[in-house]
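Student: Give me a model of this one.
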Amino acid sequence: MRWAGHSALILSFLMLALAFPALVGAATFTVTASDDTDDGACDGAHCSFREALNAANEAAGHDVIAFAVGSGHQAITPHSPLPAAEGPVDIDGTTQPGYAGSPLIELDGSLAHGDGLALDGDDSLLRGLVVNRFPAPYRAVVVHGAGIRIEDDYIGTNALGSAAAPNDVGLEDHGTGTVIADDLVSGNVTGIALQGEGAIVEGSLVGTDASGMLAVPNGIGVQVNSADAPSSGNRIGGPGAAEGNVVSGNTVGIELLFATRTLVRGNLIGTGADGSLPLGNHGDGVRISFSDGNAIGGESPEEGNVIAASFPGYGVDVRSGVRNPILGNSMYGNAAGIRLGTVGAVNDPGDADSGPNEGQNHPVLGPVTRGGGSTTIEGSLDSHPLTTYRLEFFTCDGTFSGDGSMLLGVRDVTTNASGLAAFSFTFGEEAALVTSTATDPEGNTSEFGSCTDSQVAQPAAAVTLTPAAAVNEVGTTHTVTAHVATVETSPRPLAGVTVRFTVEGSVHTAGSCVTASGGNCSFSYAGPVTPGTDLIEAYPDRNANGGQDANELGSGATNAWIAAVVTAGQVTGGGQTGNFAGDGVLAFGFTAQSDGAVAKGSCSVEDRASGTAIKCRSISSLTVTANHAVIRGTGTINDLATHFRIEVDDNCDSGAGCDTFRIETDTGYAAGGVLQRGNIKVHP
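Tutor: Sure thing, here's the model as predicted:
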């Protein structure tokens, strides 16, 4: 039984070894010396970095190279090229005693006369080293294996990450699925060169010091370049909170040269790590040449990059290549946000040109208005017929032409058979300057259009007509008074606005008037000879364009034309009232009589407050009903011809305090009230 138990244990171990052969021979080799000696052994007595690499290459399984070279910062200076790491190995500088987040082991290539660390085996790790001073034509780190991870390293700087200690090429990747994460890659001629497939660069500082706030420039920060077969499927940054890189302070931030399917997303390109300090890539933020089908930004907000301060260069410079969408980015402080071709693209009729991103036309904006917490953008796109385009609208900082600093929103438009699409969109932000891009269904994005000024939107204007309903005798004139005011919590009367009228019904006419300082003006027209009804409509033409716009609110009124009614009776009166406004005295005198067929009489009215004088020339009708009478006729108001209407009530014998007198004219004048003195007599 005892032997049987041991046999089962051994068998289990053998089966585990067959299933996981990499675990069987795994070993840890600890570097204990900073010299470059190679005596063929890595043991407790002495182990240099060179010896540890050789030992790991000879051992089976996934090995670890650890460090215990005294404590604190230690420099290792190879005097000849180091051996490549041929098998899976974790080279872990964070094991050095004293490590507290910044690399302590420095690999100085000034005397190596060859490449630095070559990672040829799959699934290897390089963590926590400073790798610097590998001159041309050598590379500090070069990757050929698959599944390599390079993290928490300083490549191209001193051990403090504060100044350049340049390599010619900091990191060159020929592998598959390499992950470059949380590294500082600065001070090199070329920082990161991606020439393989499916690499990811995330969470790294490229072109700055370790704080991310001072420039330690690379010539090119990140380059995707493989002329033999375009490097594809790479991702620089990403939408996640820890995936974006800071790529700033370089001559060129990111260069796509013979690249395809590369995603550049969620990065700070041209700012410090705080996202605001200008730290520009002075050549270009992103440069695209001989590259098709890459994406700068994306459709979700998290995928956009900040691309700033590329001056005198460009935010995104598409020198050649097509189907490169540039979406959702925030660009400002560049010579231009997007440039297509070496001299830029120009809108052309029908978008018939070609070139980088097919020379896609940009939208033309205007007019643009803002107010009430929103911006309304009108404009048009001239491109290919019957095609749907993605339009992105941005605020524009106005520092340089053609920069979109904040995304206002996205809308789709479809062109008509002539290739034209007109649009009007409203966004929930107020923007003083705006610009936009267009992207076709293949992913060709245009340049930004020119920054377009927005105008402060005026509140709507509304007109009110009085009287809203009126009755007049045929053969007379009807007058409507228009009042124009703003539509807001505290309406303001609007002077100088043309009010346009139309009359339909028994009379067909039109006319206009211009409001005075109180927002009022009057419109008069002659009535028909037979009874009927009119509909009077009016609107305030605030912008004087001859048409009614959405923010010009009209109103209507009616007028009924009736036959003159003459009844037998006699009316006399005289005295004074307060006027309607209560700020003066209205003096009057009149007489009118009728035998039931013909009316005659006279009248005079003096409004001492307004200086208005009315004289009756003829009485056309008198209507008496009990103690109430209506007198109509023609006369003058301050020597100008008018039609008048007088209404009186004989409410008591004494007159004062109870009788009433009211007069109105077709010029819009109206006054009257209860008698203060005098008397009125109505005799049916």
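Student: can you map out the strands along the stretch 401-550 of the chain?
Tutor: Using DSSP state E, counting those that start in this stretch, the strands of the stretch 401-550 of the chain run over 406-414, 420-427, 433-439, 452-453, 455-456, 461-466, 469-473, 477-486, 498-505, 509-514, 520-526, 532-541.
Student: most tightly surrounded among those strands?
Tutor: strand 433-439 (a mean of 24; mean count of other CB atoms under 10 Å). (Each C-beta comes from the backbone N, C-alpha and C, glycine too.)
Student: can you list contacts of that strand?
Tutor: 325-327, 338, 360-363, 365, 368, 375, 377, 379, 381, 383, 389-398, 402-404, 408, 445-454 (CB atoms under 8 Å, 6 or more residues apart in numbering).
Student: For PyMOL, write a command that selects the buried ones of those residues.
Tutor: Selection command for PyMOL covering only the buried members of the contacts of strand 433-439, criterion 16 or more other CB atoms under 10 Å:
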select buried, resi 325+326+327+338+360+361+362+363+365+368+375+377+379+381+383+389+390+391+392+393+394+395+396+397+402+403+404+408+445+446+447+448+449+451+452+454
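Student: Just the contacts of strand 433-439: which are in helices?
Tutor: With helices defined by DSSP state H, no entry of these lies inside them.
Student: ok, the residue nearest in space to the middle of the chain to residue 434 distance?
Tutor: By CA atoms, centre = their mean, the chain has its centre lying nearest to residue 408, at 1.7 Å. Computed as CB to CB, to the nearest Å, the residue 408 to residue 434 distance reads 7 Å.
Student: any shared contact partners between these two?
Tutor: With CB under 8 Å, 6+ apart, residue 408 and residue 434 have common neighbours 375, 393, 394, 395.
Student: Next up, the contacts around the last one.
Tutor: Read it as residue 395. Contacts for residue 395 (CB under 8 Å, 6+ apart) come out as 404, 405, 406, 408, 429, 431, 432, 433, 434, 435.
Student: hey, what's it bridged with?
Tutor: Beta bridges link residue 395 to residue 406, residue 434, judged by DSSP bridges.
Student: How is this protein divided into domains?
Tutor: The chain breaks down by automatic domain parsing into domains covering 461-562, 568-683.
Student: circling back: can you redo the strands of the stretch 401-550 of the chain as CSV with mean pLDDT?
Tutor: CSV is the format used below for those (pLDDT from 0 to 100):
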stretch, mean pLDDT
strand 406-414, 97
strand 420-427, 97
strand 433-439, 96
strand 452-453, 90
strand 455-456, 84
strand 461-466, 95
strand 469-473, 89
strand 477-486, 93
strand 498-505, 97
strand 509-514, 96
strand 520-526, 93
strand 532-541, 96
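Student: can I get those in CSV with distance to residue 559?
Tutor: Below are these laid out as CSV (distance: least, CB to CB, whole Å):
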stretch, distance to residue 559
strand 406-414, 47
strand 420-427, 38
strand 433-439, 47
strand 452-453, 46
strand 455-456, 39
strand 461-466, 10
strand 469-473, 5
strand 477-486, 5
strand 498-505, 8
strand 509-514, 12
strand 520-526, 9
strand 532-541, 5
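Student: Relative to residue 589, which of those is closest?
Tutor: The closest of the strands of the stretch 401-550 of the chain to residue 589 is strand 469-473. By CB to CB, the value is 23.3 Å.
Student: Run the angle between the closest one and strand 532-541 for me.
Tutor: Inter-element angle recorded for strand 469-473 and strand 532-541: 130 degrees (by axes from the mean of the first three to the mean of the last three CA atoms, to 10 degrees).
Student: Just list what strand 469-473 packs against, helices and strands only.
Tutor: In terms of contacts (3 or more CB pairs under 8 Å, 6 or more residues apart in numbering; DSSP states H and E), strand 469-473 is packed against strand 477-486, strand 555-562.
Student: change it to 7 Å
Tutor: Counting contacts by 3 or more CB pairs under 7 Å, 6 or more residues apart in numbering; DSSP states H and E, strand 469-473 packs against strand 555-562.
Student: from the chain's centre, how far out does stretch 102-112 sit?
Tutor: Its chain's average C-alpha position is 47 Å from that of stretch 102-112, according to CA atoms, centre = their mean, to the nearest Å.
Student: For that stretch, buried residues please.
Tutor: Applying 16+ other CB under 10 Å to stretch 102-112 flags 102, 103, 104, 105, 106, 107, 108, 109, 112 as buried.
Student: pretty sure the fifth one is touching residue 159, no?
Tutor: Yes. Counting by CB atoms under 7 Å, residue 106 touches residue 159, with 5.0 Å between them.
Student: what's the distance between residue 371 and residue 404?
Tutor: The value you get for residue 371 to residue 404, if CB to CB is used, is 22 Å.
Student: Sorry, wrong one. I was asking about residue 195.
Tutor: Counting by CB to CB, the gap from residue 195 to residue 404 is 32 Å.
Student: picking up where we left off before, I'd say the residue nearest to the centre of the chain and residue 394 touch.
Tutor: Yes. Residue 408 lies in contact with residue 394 (CB under 7 Å); the separation is 6.0 Å.
Student: Residue 303: which of the domains of the chain is closest?
Tutor: Closest to residue 303 of those is domain 461-562 (CB to CB; 36.0 Å).
Student: what distance separates the closest one from the middle of the whole chain?
Tutor: The answer for domain 461-562 is 41 Å, by CA atoms, centre = their mean.
Student: Quick check: closest non-adjacent residue to residue 223.
Tutor: Excluding the flanking residues, the one nearest residue 223 by CB to CB, 6 or more residues apart in numbering is residue 255, at 4.6 Å.
Student: Bridged to that neighbour, which residues?
Tutor: Residues in a beta bridge with residue 255, per DSSP bridges, are residue 223, residue 287.
Student: That one touches residue 218, doesn't it?
Tutor: No. Applying CB under 7 Å as the test, residue 255 and residue 218 come out as separate, 10.7 Å apart.
Student: So which of these two has more stuff around it?
Tutor: residue 218 (33 against 26; other CB atoms under 10 Å).
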